[in-house]
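Undergrad: I would like the atomic coordinates for the input below:
(chains A and B)
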Amino acid sequence: MKEEKKDKFDITTHSLVPEHIKLTEEEKKQLLQSYNISIKQFPAISQDDAMAKKLNLKIGDVIKIVRKSPTLGQSTYYRVVIK
Amino acid sequence: MTEYVYKKVGSIVFGVLSPMIIKKMSATKIVTPELYDKEGYPVDGGLMDVRMGVIDPGLKCKTCGGKLKECMGHFGYIELARPAIHVKYVDTVYDLLRYTCKSCGRIYADEEKIRIHKLAIEEKTKTEKYIAVKREYEEFASSLKTIKKCPYCQAKKVELKLEKPVSFYEEDQKLTPIEIKTRLEKISDADLELIGINPAFARPEWFVLTMLPVPPVTVRPSITLDTGERSEDDLTHKLSDIVRINQRLFENINAGAPEVIVEDLWELLQYHIMTYFDNDIAQVPPARHRSGQPLKTLTDRIKSKEGRFRYNLAGKRVNYAARTVISPDPKIKLGEVGIPIVVAMDLTIPETVNSWNFAKLKEYVQRGPKEYPGANYVIRPDGTKKQITDETKEQLLGELAEGFIVERHLIDGDISIFNRQPSLHRMSIMCHKVRVLPGNSFRVSPAVCFPYNADFDGDEMNLHIPQTEEARTEAEVLMSVRKHLITPKDGSNVIGCIEDAIVGCYLLTKELTLTKEEAIQLLISIGVDDSEKFSKLKDKVTGKEVFSVLLPDDFDFVGESKNDEEVIVKKGKLIEGVVDKNTIGSEGGSMIRSLYVTYKEAGFEITEKIFRLGIAVLLKNGFTTSISDTDITEKLKNEIEEILTEAEKKAKRYIKQFEDGELTPIHGRTIEETIELKIIEALTEARNDVGKLIAKSIPEKNNSALVMARSGARGKILNLAQMAGCVGQQALRGQRINTGYKKRALSMFEDNEMSPEAKGWIKNGYKRGLKPYEYFFHCLTGRDSLMDTALRTPKSGYLYRRISNALQDLRVEYDETVRDANRSIVQFKYGEDSIDVSKSENGTIDVEKIVKEVAKL
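TA: From the prediction side, this is the model:
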């Protein structure tokens, strides 16, 4: 029953869900370096988040979110997966 | 020089006092509820015992020998005859009793579970934030609630109930604090650590009090009334209650009194100790004075707005400040504030004597505190402060030399900081220069009312005088009014013309023509004496040319006026258009903003001149509004009547259709909703038509009300239409009025009547007067909106407090990220586009305009 419901709707296709991209370890390292901060100082996203589940993310992964922005057209945001 | 030793605080541990520590830190044991003996001397072993510190001048502390203010006070203790539970720890006690076995005292978790938990804690302390570790402890603890059998001694768990505030029941059997204490004692240190309690600082049996610390006398000083009577602090009252009951309990136990009596007294002791800590616990009647007002106990001292944190630690009181009513002064400069002489003679500025100001300061001292401008105090180089009085004056004058500091009265040009609460944005506190004036109120230019959100219906404002050169410089450079013409909210201006200044400039640039003499007279009167420009004026001068005199020669500007006409300034000449609220107003006046952006502080001066010009024009020409401004011709009256009757007819048609069932509903609406909407639409349209008709038909000439509305100075065309034509439909929660009686709003209407007048349609205008039922409906909505604002203000104030506290230390770093106090990232790019809003136009940057400007160069 539950599985069936999952298949019914793919949230990534929803117009209000922005694009989520998982960063590779290399990219993650570079990102941390460019902002000169530790992973704890990043904005967080729960592991239970629908998108985190969808992308099969583990704790400590960093995702890049490309949002539509009324001022800039497109803006990027990063979040680290936490428990 | 004093040497300071700097040390960094490594960590702070909060813990619970153990009975042993309480005894150790105490200077005395309290055994009697009496306070003073017959001579009025504190009783030994009483609550005001001199071993706990002194509050009387003359007495010496028996513990440390210090006198009043030297001795900080010492704790005492009360040994309780029977233990009592600490109210603030009942929840913890309740949890602990449920997590542990009644018979063996072990925690309800087997070895395996403990092992996993320990690993998780170790892992999380290393990798995650404090909050995650805390959550792990909480989750582990609450998982113990469901276990029914002790994994160690196999004893069955007995259901324990907490009856608020402090009674525990086990299968309807009440547990005494003694039993609770013995159970808590059984829990091992190792088990406590699993739940997140550090046994070194908080053994659970300490949550049940056997020893009560008595705060020093200095914490609860008594006040001597005028009559010589002593009035004790609430805490002392409460403590003496505790001691009294405690002593009685001791006596009864020793005398072998029946169990019932002992238990009653025990309960009473528990009550007093409970209210000593917190006097508003649910289900517990608060302890009261004889007069009936509740006692202020420990919790009351700490919590909420009047508590230690928000009142004493977060709220600071200052010297060198003044507060009075503000009143307008159109002639005062924008960056000045008029200060009453009495205030100027009370607030002082310390000035060090040197060879250049010696003579001047000597004069100040000579005049003393009673004559303006004088001085109140002289500070000698050794730091002693001397008040200047008739007696000391001669001596002080004699010894006055370089290096002395004279606290002189305020004089014109001194720096002050001016503030109006609520301080919601940074323009609520700005730096003004002092202008000493007669009278008793602070005088403010009407142009700075907008940033302060002030008016003159009794508003009061605060004034501060910075005392050091650094503070004054900082105030002047960072906070001065001229630095705050533009708001950081959206980059528009907050200072500009208001009310009559707008009307004046509007009339001037729209229709006035002056002779050369008149024009120069006008300009000289506002302080403009640009003889070069005056010489270029012709014999007949238009208002636009007069206005242009204020503008710099190289100023170019294109803007829009309120009624969408272009306003063009070329090479400092107003060529086309009329200035009004949109161009010179105090909220988004595009010309003011442009002047400030182009000429910086010189632009500020021009703004000031424009403001004064507007007022000068009205002074010269006169401007008044009266009831005759709402007069309309007979023809116009008939036209309005026609529009209104037409609308009513239309409404009637809809009702007819509705009754005949011919009305087709709008999609997604019921028929009832449809008819309501249609009627409202017809009526609003009619009112708008009336407004338009009036705006079109009344000549602006000789009609001040219309001029005010058109220029944007005050009022809307709508207000004029409501006076001259028709007030319109009164709405309650977005609907026509449908409350009151059953099925009708007033008893004069029929049941379910749908006609416009039965549901709040006001056909008449204010001038002609309202019919009784119309008046009633008008009051109804008036009352409703009054209530609404009265209820909304505190709510939004609280919301603002919360958001400002939450965001208070966010800042934009050099890498354009927004970070909080932990340097954690909140935004990766400030506002997603890294635009400094205060330098933008309404949040955007007009690249095209910049390119054009650069190309011109």
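Undergrad: drop to CA atoms for contacts and neighbour counts, all remaining ones
TA: Fine.
Undergrad: before we move on, which element is residue A:45 in?
TA: strand A:44-46 (DSSP states H and E).
Undergrad: For that strand, give me every contacting residue.
TA: A:52, A:79-83 (Cα atoms under 8 Å, 6 or more residues apart in numbering or on different chains).
Undergrad: and these as JSON lines, adding neighbour count, distance to chain B and pLDDT?
TA: Output for the contacts of strand A:44-46, formatted as JSON lines (neighbours: other Cα atoms under 10 Å in any protein chain shown; distance: Cα to the nearest Cα, whole Å; pLDDT from 0 to 100):
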{"residue": "A:52", "neighbour count": "20", "distance to chain B": "19", "pLDDT": "88"}
{"residue": "A:79", "neighbour count": "21", "distance to chain B": "10", "pLDDT": "92"}
{"residue": "A:80", "neighbour count": "23", "distance to chain B": "11", "pLDDT": "91"}
{"residue": "A:81", "neighbour count": "22", "distance to chain B": "12", "pLDDT": "91"}
{"residue": "A:82", "neighbour count": "21", "distance to chain B": "9", "pLDDT": "85"}
{"residue": "A:83", "neighbour count": "13", "distance to chain B": "8", "pLDDT": "76"}
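Undergrad: In strands, which of these fall?
TA: A:79-82 (DSSP state E).
Undergrad: If we only consider those residues, which is nearest to residue B:225?
TA: residue A:82 (62.2 Å; Cα to Cα).
Undergrad: Pull the contacting residues for that closest one.
TA: Each residue near residue A:82 by Cα under 8 Å, 6+ apart is listed here: A:44-47, A:59-60.
Undergrad: buried subset of the residues you listed?
TA: If you count burial by 16 or more other Cα atoms under 10 Å in any protein chain shown, the buried members of the contacts of residue A:82 come out as A:44-47, A:60.
Undergrad: Residue B:574 falls within a strand, correct?
TA: Yes - per DSSP: H, G, I helix; E, B strand; the rest coil, residue B:574 lies within a strand segment.
Undergrad: Mind pulling up the pLDDT for it?
TA: Confidence at residue B:574, expressed as pLDDT, is 87.
Undergrad: any low-confidence regions in chain A?
TA: Applying pLDDT under 70 to chain A flags the ranges A:1-8.
Undergrad: where does the closest residue to chain B within chain A sit relative to residue B:10, distance-wise?
TA: Residue nearest to chain B within chain A: residue A:41 (4.0 Å; Cα to the nearest Cα). For residue A:41, the distance to residue B:10 equals 22 Å [Cα to Cα, to the nearest Å].
Undergrad: thinking again about what came up before, can you tell me which of the ones in strands among the contacts of strand A:44-46 lies closest to residue B:698?
TA: For the ones in strands among the contacts of strand A:44-46, the nearest to residue B:698 is residue A:79 (62.4 Å; Cα to Cα).
Undergrad: So, low pLDDT: which residues of the stretch 601-750 of chain B?
TA: Using pLDDT under 70, nothing in the stretch 601-750 of chain B is flagged.
Undergrad: all strands of it, in order?
TA: B:728-729, B:731-732, B:735-736 (DSSP state E, counting those that start in this stretch).
Undergrad: list the contacts for residue B:381?
TA: B:403-405.
Undergrad: most surrounded residue in these?
TA: Greatest neighbour count in the contacts of residue B:381, by other Cα atoms under 10 Å in any protein chain shown, goes to residue B:405: 22 neighbours.
Undergrad: Look up phi and psi at it.
TA: Per-residue torsions, residue B:405: phi -120, psi 130 (degrees, to the nearest 10).
Undergrad: So in terms of bridging, what pairs with it?
TA: Counting by DSSP bridges, residue B:405 forms beta bridges with residue B:352, residue B:379.
Undergrad: List of residues touching the lengthiest helix in chain A?
TA: Counting residues, the longest helix found in chain A (DSSP state H) is helix A:25-35. Helix A:25-35 is contacted from outside by A:38-39, A:62, B:815, using Cα under 8 Å, 6+ apart.
Undergrad: and the spatially closest residue to residue B:763 that is not a sequence neighbour, what does it touch?
TA: If the residues on either side of it in the chain are set aside, residue B:763 comes closest to residue B:726, at 5.2 Å by Cα to Cα, 6 or more residues apart in numbering or on different chains. Going by Cα under 8 Å, 6+ apart, residue B:726 touches B:687, B:690, B:762-766.
Undergrad: Now with 7 Å, please.
TA: Going by Cα atoms under 7 Å, 6 or more residues apart in numbering or on different chains, residue B:726 touches B:687, B:762-765.
Undergrad: Out of those, which comes closest to chain A?
TA: Looking across the contacts of residue B:726 and measuring by Cα to the nearest Cα, the closest to chain A is residue B:687, at 37.2 Å.
Undergrad: so that closest one touches residue B:729, yeah?
TA: No - the pair residue B:687 / residue B:729 is not scored as a contact, 8.3 Å apart, by Cα atoms under 7 Å.
Undergrad: Which of the contacts of helix A:25-35 fall within strands?
TA: Using DSSP E, those in strands are residue A:62.
Undergrad: Among the contacts of helix A:25-35, name the buried ones.
TA: Counted by 16+ other Cα under 10 Å, these give A:39, A:62 as buried.
Undergrad: OK, now which residue of chain B is nearest to chain A?
TA: For chain B, Cα to the nearest Cα, closest residue to chain A: residue B:824, 4.0 Å.
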